[in-house]
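Student: I'd like to go over a predicted model; first the sequence, then the structure.
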Amino acid sequence: MSRKIVVGYDGSAASQRALDFAITRATAQGDSIIIAHVLEWSPYSFLTPSEIEERHKRRKEELDRAETAIITPMMKKVEAAGVPVTSTLKYGHIADTLCKIAEDEGAALIFIGRMGQSGLSSRIFGSVAGTLAQVSPVPVTIVP
């Protein structure tokens with residue numbers, strides 16, 4: 001039975017390792033991959049109409065850039081490996097958005113790469129991997 005694997009991908013070396021691992025698993029088990037790129041976007045509640053217009057313009061430019069520079073090359077790589085693949089680009093909190101994508105797509109797994117942060121900031125603010133491990137509706141594989 002084919003399952004869907006959501007791979008959190010941001011173009012980093014860590015996310016590349018996660019995608020490579022997902023390709024290996026998907027090839028061996030007949031699964032498909034959803035490459036998910038999440039752009040963090042914090043909402044501002046007090047914007048003027050012109051600021052809102054500029055913000056939407058920048059958002060569209062970021063989405064277009066991410067599609068061209070990040071998603072399209074990886075889609076070709078996964079397709080070349082013979083694995084069925086789709087992609088999604090979203091704005092929001094990374095861990096929450098990956099969970100929502102997994103739920104919406106009926107995915108069985110989420111794969112992400114570990115960035116290796118162990119400093120003060122990750123202890124105070126947490127990490128995407130740590131948050132996903134706690135709140136994900138499906139099993140999470142954290143690729144070192």
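Tutor: That came through, no problem.
Student: Output the below-cut-off pLDDT ranges for this structure.
Tutor: 1, 41-47, 116-126 (pLDDT under 70).
Student: tell me, what residue is most central in it?
Tutor: Nearest residue to the geometric centre of the chain (C-alpha atoms, centre = their mean): Gly8, 2.6 Å.
Student: so how far is Ser2 from that residue?
Tutor: 20 Å (C-beta to C-beta, to the nearest Å). (C-beta placed from N, C-alpha, C; glycine too.)
Student: Let me see the contact set for the residue nearest to the centre of the chain.
Tutor: 15, 18, 36, 38, 94, 98, 110-113, 128 (C-beta atoms under 8 Å, 6 or more residues apart in numbering).
Student: list the helices and strands the helix or strand harbouring Ala129 packs on?
Tutor: Element membership of Ala129 [criterion: DSSP states H and E] is helix 128-135. Secondary-structure packing of helix 128-135 (3 or more C-beta pairs under 8 Å, 6 or more residues apart in numbering; DSSP states H and E): helix 94-105, strand 109-113, strand 140-143.
Student: tell me which residues in the longest one are buried?
Tutor: Residues of helix 94-105 classed as buried by neighbour count (16 or more other C-beta atoms under 10 Å): 94-95, 97-102, 105.
Student: Not counting its own residues, what contacts it?
Tutor: For helix 94-105, the external contacting residues (C-beta under 8 Å, 6+ apart) are 4, 6, 8, 34, 36, 38, 40, 88, 90-92, 107, 110, 112, 128, 131-132, 135-138.
Student: How far off centre is it?
Tutor: 9 Å (C-alpha atoms, centre = their mean, to the nearest Å).
Student: what do you get for the last one?
Tutor: On the basis of C-alpha atoms, centre = their mean, strand 140-143 is displaced by 12 Å from the centre of the chain it belongs to.
Student: List the beta-bridge partners for Tyr91.
Tutor: For Tyr91, the beta-bridge partners are Leu39 (DSSP bridges).
Student: mind checking the SS state of Pro73?
Tutor: Put simply, Pro73 is helix when judged by DSSP: H, G, I helix; E, B strand; the rest coil.
Student: Number of residues surrounding it?
Tutor: With neighbours defined by other C-beta atoms under 10 Å, the count for Pro73 comes to 10.
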